[in-house]
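1. Sequence and predicted structure are below.
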Amino acid sequence: MKPAANYQLRSGDSWRDPFPMYRNLRDHDPVHRVAIRGDDTEPFWFLSRFDDVFAAARDTATFSSAHGLTVDPDSPGTGMGDATPIVFMDPPEHTAMRRLVGRGFTPRQVTELEDRIRAFVVEQIEKLREAGSGDIVTQLFKPLPSFVVAWYLGVPPADRPRFDVWTDQIVAAAAEGNAAAADGIDDLLAYFAELVERRRTEPADDMVSHLVSLGEEEASVLWVLGFAFTMVAGGNDTTTGMLGGSAVLLTEHRDQRRRLLDDPGLLPGAVDELLRLTSPVQGLARVATRDVEVGDRSIAAGDRVLLGYGAANRDEREFGPTAESLDVGRHIARHLTFGSGAHHCLGAAAARLQSRIALEELLHRCPDFTVDGDAAAYATGNYVRRHTSLPFRATC
């Protein structure tokens, strides 16, 4: 008799090891119907195999983002009217907005950040080295992406800690209800409304200034606010999740760390392998716009479908029999950590850059570092898997 396949939303400490659940679903029920979890939650589907998730992510006509990215009907971020973020749009509206904002995320423009990122990372690592130990999430992995997002948006350094508050409120709301999200969204929009007005008379070299310069017909104030929401909500905790998960993997797999130390040229490729295995965004939901067959199951129009990026990224049908193991030399043709198709993450190049620099400097300055994954704490929220704390020992 095959083991029962069952999907359960994770949050907090239950994120510690969701991977046996994913494996069971991939093998025995890859298009899985999830029963009602409570009075206010409708049934939904969970896709766990790579090919199914990849196809659904690219088929925006059938699997729509316009009704939210969570399995809850009242998804945070969807009630923002004309300020609706790009992640809650489908083509052609999505295509038009992406064209406007995408110019700030080309690889060439992203690399202009490298010196700033490296200086920030070195400063934080040296503090950890001097102390000998500490919490590497609070001291490096969490403030780093906040620093980068703030730089892109032109937020003054004194205001940057506010990013973390908004991110925590919005992400946690997916697990704990929408009140916290509403507070975070209101604060964020009010702040950036003021910043937009300031940039009309005091333009700078940042994305907000760029969008304001296009004029109201091309990029309304509300569009700019929606873009800021996307950057703050999506650009902070995901990179934190990748870096924390990578530090754990490199502590658990010393042989793979040795390969990187012996051949630093492997690191750019290893970043994609670590992105694949950590998959900070473990899943996002879509709503079926029509009746559709996936595998041997029939999904009805209006059903919510959770695309299991974290499960799909460990599918041996795509990555071979060692799919669940770290191999820093693995050739990866494609993965789903940044999604795929129209909604491929705008910040992918920035995330890769941050990850590469942070790991380069960590391996160079603390080649024998350790983190205690057993003592780590995980964030609440059903969709992003990340540490809120991770004990670190320099051993440099």
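-> Arrived safely, thanks for sending.
2. Can you name the residues that contact the residue nearest to Ser340 when sequence neighbours are not counted?
-> Distances taken as Cβ to Cβ, 6 or more residues apart in numbering place Ala57 nearest to Ser340, at 4.5 Å, with adjacent residues excluded. Backbone N, C-alpha and C define where each C-beta goes, glycine included. If a contact means Cβ atoms under 8 Å, 6 or more residues apart in numbering, then Ala57 has 63, 307, 336, 339-341, 343 as its contacts.
3. isn't Ala312 right up against Ala323?
-> No. The pair Ala312 / Ala323 is not scored as a contact, 10.2 Å apart, by Cβ atoms under 8 Å.
4. When the two are compared, which one has more neighbours?
-> Ala312 (30 against 19; other Cβ atoms under 10 Å).
5. ok, back up a step: which pair of the contacts of Ala57 spans the longest distance?
-> Within the contacts of Ala57, Phe63 and Leu336 form the most distant pair, 13.6 Å apart (Cβ to Cβ).
6. Tell me which helix or strand Leu306 sits in.
-> Here Leu306 sits within strand 304-307, counting by DSSP states H and E.
7. before we move on, back to that, any idea of the mean pLDDT in the strand or helix carrying the residue nearest to Ser340?
-> Using DSSP H and E, Ala57 sits in helix 50-58. Mean per-residue pLDDT for helix 50-58: 98.
8. same thing with stretch 199-210?
-> Stretch 199-210 comes out at a mean pLDDT of 89.
9. Just the residues contacting that stretch, thanks.
-> For stretch 199-210, contacts defined as Cβ under 8 Å, 6+ apart pick out 101, 103-104, 151-154, 192, 195-196, 212-213, 224, 227-228, 231.
10. for stretch 65-81, what is the average pLDDT?
-> 76.
11. which stretches of this structure form strands?
-> 31-34, 44-47, 63-64, 133-135, 284-288, 292-294, 297-299, 304-307, 370-371, 377-378, 387-389, 391-393 (DSSP state E).
12. who does the longest one touch, helix- and strand-wise?
-> Applying 3 or more Cβ pairs under 8 Å, 6 or more residues apart in numbering; DSSP states H and E, one finds that strand 284-288 contacts strand 63-64, strand 304-307.
13. ditto for the second one
-> In this structure, strand 44-47 makes packing contacts with strand 31-34, strand 304-307, judged by 3+ Cβ pairs under 8 Å, 6+ apart.
14. Let's have those strands in CSV, adding distance to Arg356.
-> Output for the helices and strands packed on strand 44-47, formatted as CSV (distance: least, Cβ to Cβ, whole Å):
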stretch, distance to Arg356
strand 31-34, 35
strand 304-307, 26
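15. looking at those, which is closest to Leu277?
-> Per Cβ to Cβ, nearest to Leu277 of those: strand 304-307, 17.6 Å.
16. contacts for that closest one?
-> Strand 304-307 is contacted by residues 34, 42, 44-47, 53, 56-57, 63, 71, 283-288, 299, 336 when judged by Cβ under 8 Å, 6+ apart.
17. neighbouring strands for that strand, and are they parallel or not?
-> Strand 304-307 has its sheet partners listed here by DSSP bridges as strand 44-47 (parallel), strand 284-288 (antiparallel).
18. can you put those in TSV and add distance to Arg23?
-> Shown next, in TSV, are the strands paired with strand 304-307 (distance: least, Cβ to Cβ, whole Å):
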stretch	distance to Arg23
strand 44-47	13
strand 284-288	20
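19. most tightly surrounded among the ones you listed?
-> Highest mean neighbour count of the strands paired with strand 304-307: strand 44-47, a mean of 26 (counted as mean count of other Cβ atoms under 10 Å).
20. any idea of the mean pLDDT for it?
-> Rounded mean pLDDT across strand 44-47 is 97.
21. Can you report how many residues lie near Leu189?
-> 18.
22. shouldn't it be in contact with Phe227?
-> No. Using Cβ under 8 Å, Leu189 is not in contact with Phe227; the gap is 11.3 Å.
23. sorry, back to before: out of the strands paired with strand 304-307, which comes closest to His331?
-> strand 44-47 (24.9 Å).
24. how distant is the closest one from the center of its chain?
-> 20 Å (Cα atoms, centre = their mean, to the nearest Å).
25. show me where the stretch 151-300 of the chain has helices.
-> Along the stretch 151-300 of the chain, the segments classed as helices by DSSP state H, counting those that start in this stretch run 161-176, 179-201, 207-213, 221-235, 237-252, 254-262, 267-278.
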